[in-house]
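**Student:** Fold the following, please.
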Amino acid sequence: MKYIVSRRFPLPETATELNQSWYFSLWKTRQWPYDRVEEGDTFYWYESPKQRLVWKARLLRCEKFEFDTVEQARKGLIDIFGPFDEDQPYFEDPPSKGYAMAYRTEAEERLNLPRPTGIRLPMLGWLPVTPEIERRWLAG
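**Tutor:** The predicted model follows:
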């Protein structure tokens, strides 16, 4: 499957930096990508401040787990990928319990594809790539 994954902060500039970075999503309820995302999927990383796709990458590793406390979520993320910046936007106000998905991608191609008029990204930050999106946005 292919997804456009949105981030509201600048993503790494180099493939090496992207490959060494890991990301996570924490949800109060089980959101749809939790059960669908699999290793090997294609991620098109969208950088909200630039309003464009900046990377095409392959999902290298994906770990999913439930948590009952914020401390359990923090420990689970550290156990998977190691220490992280707990002041970052995606951990500033985590749900008190819920579902976590931590993942690392491998860069395939640096992109600079502005978002076409009329294509909106969901608040969740995950958009499955449809044939229309493929044609209007990814074809370059």
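
**Student:** Tell me where the protein has helices.
**Tutor:** Along the chain, counting by DSSP state H, helices occupy 15-20, 32-36, 70-81, 131-133.

**Student:** Distance to F91 for those helices - can I get that in CSV?
**Tutor:** The way it works is simple: take the backbone N, C-alpha and C, and place the C-beta from them, glycine included. Below are the helices of the chain laid out as CSV (distance: least, C-beta to C-beta, whole Å):
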stretch, distance to F91
helix 15-20, 19
helix 32-36, 18
helix 70-81, 8
helix 131-133, 29
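
**Student:** which residues sit in contact with the closest residue in space to S48 that isn't next to it in sequence?
**Tutor:** The spatially closest residue to S48, leaving aside those adjacent along the chain, is R8, at 4.5 Å (C-beta to C-beta, 6 or more residues apart in numbering). By C-beta atoms under 8 Å, 6 or more residues apart in numbering, R8 lies in contact with 48-49, 89.

**Student:** got a winner among those residues for most neighbours?
**Tutor:** S48 (14 neighbours; other C-beta atoms under 10 Å).

**Student:** what's the spacing between A73 and Y103?
**Tutor:** To Y103, A73 is 15 Å away according to C-beta to C-beta, to the nearest Å.

**Student:** With neighbour numbers in mind, choose between the two.
**Tutor:** A73 (24 against 21).

**Student:** Spatially, what comes nearest to that one if we skip its sequence neighbours?
**Tutor:** Nearest one to A73, counting by C-beta to C-beta, 6+ apart, is F67 at 4.1 Å.

**Student:** so who does that neighbour touch?
**Tutor:** 73, 76, 97-100.

**Student:** Most neighbours among the residues you listed, which one?
**Tutor:** Most surrounded of the contacts of F67: other C-beta under 10 Å gives A73, at 24 neighbours.

**Student:** any idea how far that residue is from L59?
**Tutor:** Counting by C-beta to C-beta, the gap from A73 to L59 is 21 Å.

**Student:** now do R120
**Tutor:** 23 Å.

**Student:** Quick check on those two: which one has the bigger neighbour count.
**Tutor:** With neighbours defined as other C-beta under 10 Å, R120 and L59 compare such that L59 has more, 19 against 7.

**Student:** what bits of this structure have low per-residue confidence?
**Tutor:** The chain contains residues with pLDDT under 70 at 140.
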